[in-house]
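> the amino acid sequence is not available; the structure is as follows:
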Ligand code: SF4
Ligand code: SF4
């Protein structure tokens with residue numbers, strides 16, 4: 001079975017960078033710019049979702065978002081595990097870490113490759129500058145708490 005043709009990032013680089021530079025969860029819009037799941041997906045559903053770009057409600061983006069990990073009260077506002085839930089709970093507080101893009105099964109691999117190759121150095125250096133900032137949450141403490149929870 002042929003693989004689904006992935007979106008050529010050169011065709012969408014301008015709009016993609018606008019999305020990646022906006023303080024709002026980017027995964028939904030990156031999904032809409034993608035070609036969706038390939039036909040060889042192994043999901044246990046009868047529907048053929050090849051080329052389908054809609055949110056699967058897998059919750060990967062909700063689970064990975066550092067804003068929701070640091071502030072569980074935001075997450076408790078909804079039980080939904082969709083990109084729309086991410087947008088309503090994170091909104092303009094999005095940290096532009098791009099993690100939600102990388103874990104979404106509906107975002108084209110070419111877009112993920114672009115993010116890793118063109119954005120990650122900037123993301124890591126921006127986050128690195130915040131280490132030790134008194135206004136920032138203590139990530140080590142947060143991780144200890146998360147690991148100690150049953
Ligand atoms: S995972 Fe990162 S980029 Fe995605 S919504 Fe959360 S802070 Fe924003
Ligand atoms: S990671 Fe899952 S829940 Fe989030 S946008 Fe992608 S398909 Fe939807």
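Received it, and whenever you're ready, just let me know what you need. Please read these numbers as outputs of a predicted model, since none were measured by experiment. Ligands and ions are numbered 1, 2, ... in the order given.
> let's verify the closest residue to residue 33 other than its chain neighbours: helix, strand, or coil?
Counting by CB to CB, 6 or more residues apart in numbering, residue 33 lies nearest to residue 12, which is 5.4 Å off, once chain neighbours are set aside. No exception for glycine: its C-beta is placed from N, CA and C like everyone else's. Secondary structure for residue 12, judged by DSSP: H, G, I helix; E, B strand; the rest coil, is helix.
> if I look at residue 12, how far off is residue 35?
Distance from residue 12 to residue 35, counting by CB to CB, to the nearest Å: 11 Å.
> go on, residue 65?
Per CB to CB, residue 65 is found 24 Å from residue 35.
> next: residue 67.
Distance from residue 67 to residue 35, counting by CB to CB: 28 Å.
> check residue 93 too.
Using CB to CB, one gets 30 Å for the distance from residue 93 to residue 35.
> pick out whichever of these two has more residues nearby.
More crowded of residue 93 and residue 35, by other CB atoms under 10 Å: residue 35, with 21 against 12.
> need the pLDDT of that one.
Note on residue 35: pLDDT of 85.
> go on, the one 10 residues further on?
In this model, residue 45 is scored at 78, pLDDT.
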